[in-house]
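**Q** One predicted model, sequence on top.
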Amino acid sequence: MKTVLITGGVRGIGKSIALAFLEKGYRVCVTYSKDEQNAVETKAQGIETYCVDVTKEELVRNLFAQIGKVDILVNNAGVSLIKQLQDTTYEEFMRVFSVNIGGAFLCSREASKGMIARQSGLIVNIASVWGEVGASCESVYSASKSAVIGFTKALAKELGYSGIRVNAVSPGVIDTKMNACFSEEEMQALKAEIPLGRIGVGEDVAKAVVFLEENAYITGIDLPVNGGYSIV
């Protein structure tokens, strides 16, 4: 049985990905940092849950030691920041980068050790449409997700010769708690810009991640899941 580890996997996109792999018979492990209520509910569904801050190097090492063999890593844990640049503190900047790209780095580094030894594995990094096209008042978040995309492409080149595939999935506007800060009017305005005419759901992203697991000849791509929002 293959093991998949999804960071930030007790709600939203991460939870949808976890459930998709569980349905297909994988051993599914997820991390969370604070959301105990959703963690309890997730564990009751047959998913292994681990309380881990993915920005802490020693905690990440311990996580992989606990889980053992990881065949698929999905770096989903992330934080957003909606703020004008002139009002953003350096501490806020560092927090966004430490989670969104720092966490992906630490988890990918640990996962790759076992994957290299086995000459197989898959890493999927959850980026964002804003990492592709940028977003006003989200410059720091956009930059962190651009870094995730760049990290993905470089790592795909580095690890490909060891039989490891690395891809990114860039969701557009998805109906999750991260977007709960937007008013109904703002969400409708975003919806009007999406060619497919609807806000995405977690299952849309989950299907993309499963697709990347099932196609063994795809590596180094950034797969947009945004209803056509980024069409230029």
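**A** Thanks, I have it. Values in this document were obtained by computation on a predicted structure and should not be read as measured data.
**Q** in a helix, that's where residue 223 is, yeah?
**A** No: under DSSP: H, G, I helix; E, B strand; the rest coil, residue 223 sits outside any helix and is assigned strand.
**Q** Count the residues that sit near it.
**A** 18 (other Cβ atoms under 10 Å). C-betas here are computed from N, CA, C, even on glycine.
**Q** Next one: it from residue 54, what distance?
**A** Distance, residue 223 to residue 54, using Cβ to Cβ, to the nearest Å: 22 Å.
**Q** Tell me the residue in this structure that is farthest from the middle.
**A** Most distant from the centre of the chain: residue 86, at 27.8 Å, with distances by Cα atoms, centre = their mean.
**Q** could you point out which element follows the lengthiest strand in the chain?
**A** As assigned by DSSP state E, the longest strand anywhere in the chain is strand 164-171. Per DSSP states H and E, the first helix or strand lying C-terminal to strand 164-171 is helix 184-192.
**Q** Next, the distance between the ends of stretch 79-87.
**A** Across stretch 79-87, the terminal residues are separated by 18 Å (Cα to Cα, to the nearest Å).
**Q** residues of it that come out buried?
**A** Within stretch 79-87, the residues that count as buried by 16 or more other Cβ atoms under 10 Å are 79, 80, 81, 83.
**Q** any idea how far residue 5 is from the second one?
**A** Spelled out, it's residue 80. Distance, residue 80 to residue 5, by Cβ to Cβ: 22 Å.
**Q** how much does the helix ranked longest in the chain deviate in direction from strand 164-171?
**A** Once the chain is assigned using DSSP state H, the helix that runs over the most residues is helix 139-159. Between helix 139-159 and strand 164-171, the angle formed by their directions is 160 degrees, by axes from the mean of the first three to the mean of the last three Cα atoms, to 10 degrees.
**Q** so how far is helix 139-159 off the chain centroid?
**A** Distance of helix 139-159 from the chain centroid (Cα atoms, centre = their mean, to the nearest Å) equals 12 Å.
**Q** which helices and strands does it pack with?
**A** If you count contacts as 3 or more Cβ pairs under 8 Å, 6 or more residues apart in numbering; DSSP states H and E, helix 139-159 packs onto helix 90-97, helix 103-118, strand 121-126, helix 129-133, strand 164-171, strand 222-225.
**Q** Can you say which of those is nearest to residue 64?
**A** helix 103-118 (4.3 Å; Cβ to Cβ).
**Q** related to what we said a few turns ago, need the helices and strands packed on helix 139-159 in JSON lines with mean pLDDT, can you?
**A** Converted to JSON lines, the helices and strands packed on helix 139-159 look like this (pLDDT from 0 to 100):
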{"stretch": "helix 90-97", "mean pLDDT": "98"}
{"stretch": "helix 103-118", "mean pLDDT": "98"}
{"stretch": "strand 121-126", "mean pLDDT": "99"}
{"stretch": "helix 129-133", "mean pLDDT": "97"}
{"stretch": "strand 164-171", "mean pLDDT": "98"}
{"stretch": "strand 222-225", "mean pLDDT": "98"}
